[in-house]
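**Q** the sequence isn't on hand, but the structure is:
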DNA sequence: GGCATGTGTCAATCTTTTCTTACACATGAA
DNA sequence: TTCATGTGTAAGAAAAGATTGACACATGCC
């Protein structure tokens, strides 16, 4: 079980903003019932595949779900996603501590400090 | 200590998106060190007052901070803010449970279902 | 009165996210 | 080959969020 306790500010930010969207909350809820592949999940929760793809990307980037490309028996490539069991405990103190390691304005936005 | 455990989907969403912004994380961090009034806080963390005002609004709406208008000794109206001691524990199960009470698309956005 | 400080808010703008449509490529089955 | 299903992504439109600057109004003080 991944313990999201001492995340850096940037990581915490990524996790929180990933959770700050209704679709993504529903996606996590859906995956909590079991792993699933993109196209099927898209049909089940009634969302376009490209859109779901984008949201899954964001969730995976935050480490909340994990995806793996697998070959079905029939030989088709299927991208399965599942929730990454996590526990996140947030308090003002935790936020204060994390805020200390917030990169200026997320600087170069992706890479580290130049 | 406010315990954010069984939030409705909409409430959880509000909290998470409130925390999904670097400025707001810093604001919480700053207020964790003690209450402060808007203009001063704005100077201390180097942010324009209208902007800080907006962020505080969002944080208060999520129940993470509370503000109170007070009269200073000199008679000036000062708006003091402080963090609302909270504990938030998030797991996939918590998200799944909360997702069940997510209003369609937050419907009318503010009021409940028509 | 004029200046500094506090409050609040609106309008316009810039930026970021979100979402759709359309495309490309692959495989199995009819 | 054609159809159904799977993958991924890029371009552009639409919507939401962030930010600035300019107001208005209040009080204490010189």
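**A** That came through, no problem. Predicted, not measured: the structure shown is a model, and the values here were computed from it. Numbers count the residues shown, from 1 in each chain, chains lettered A, B, ... in the order given.

**Q** give me every residue that touches the closest residue to residue A:18 other than its chain neighbours.
**A** In space, and not counting its chain neighbours, residue A:18 is closest to residue A:62: 3.7 Å by CB to CB, 6 or more residues apart in numbering or on different chains. No exception for glycine: its C-beta is placed from N, CA and C like everyone else's. Taking CB atoms under 8 Å, 6 or more residues apart in numbering or on different chains, we find residue A:62 in contact with A:11, A:14-15, A:17-19.

**Q** again, only this time at 10 Å
**A** Counting by CB atoms under 10 Å, 6 or more residues apart in numbering or on different chains, residue A:62 touches A:4, A:7, A:11-19, A:24, A:84, A:86.

**Q** swap in residue A:76?
**A** Here residue A:76 is in contact with A:37, A:70 (CB under 10 Å, 6+ apart).

**Q** ok, for residue A:33, nearest residue in space, not its chain neighbours?
**A** Per CB to CB, 6+ apart, closest to residue A:33 is residue B:96, 7.6 Å.

**Q** please give me every residue in contact with the one you found.
**A** Contacts of residue B:96 (CB under 10 Å, 6+ apart): A:25-26, A:28-33, A:83.

**Q** state the distance from the residue located most distally from the centre of chain A to residue B:51.
**A** For chain A, the C-alpha farthest from the mean C-alpha position belongs to residue A:74; by CA atoms, centre = their mean, that distance is 29.0 Å. Applying CB to CB, to the nearest Å, the value for residue A:74 to residue B:51 is 55 Å.

**Q** for residue A:90, same thing?
**A** 24 Å.

**Q** who's more crowded, these two?
**A** residue A:90 (25 against 11; other CB atoms under 10 Å in any protein chain shown).

**Q** tally of neighbours for the spatially closest residue to the more buried one that is not a sequence neighbour?
**A** Taking CB to CB, 6+ apart, and ignoring the residues beside it in sequence, residue A:90 has residue B:88 as its nearest neighbour in space, at 4.1 Å. By other CB under 10 Å, 21 other residues sit near residue B:88.

**Q** against residue B:102, how distant is residue B:88?
**A** 17 Å.

**Q** buried sites along the host helix or strand of residue A:54?
**A** Residue A:54 belongs to helix A:49-61 when assigned by DSSP states H and E. Neighbour counts using 16 or more other CB atoms under 10 Å in any protein chain shown place A:52, A:55-56, A:58-59 of helix A:49-61 among the buried residues.

**Q** CSV for these, including distance to DNA strand D and pLDDT?
**A** Formatted as CSV, the buried residues of helix A:49-61 follow (distance: CB to the nearest atom of the strand, whole Å; pLDDT from 0 to 100):
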residue, distance to DNA strand D, pLDDT
A:52, 9, 98
A:55, 11, 98
A:56, 8, 98
A:58, 12, 98
A:59, 13, 98
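
**Q** what about chain B: which of those residues touch it?
**A** Applying CB under 10 Å from any CB of the partner chain to the buried residues of helix A:49-61, one finds that nothing falls near chain B.

**Q** residue A:5 - how many residues pack around it?
**A** For residue A:5, using other CB under 10 Å, the count is 11.
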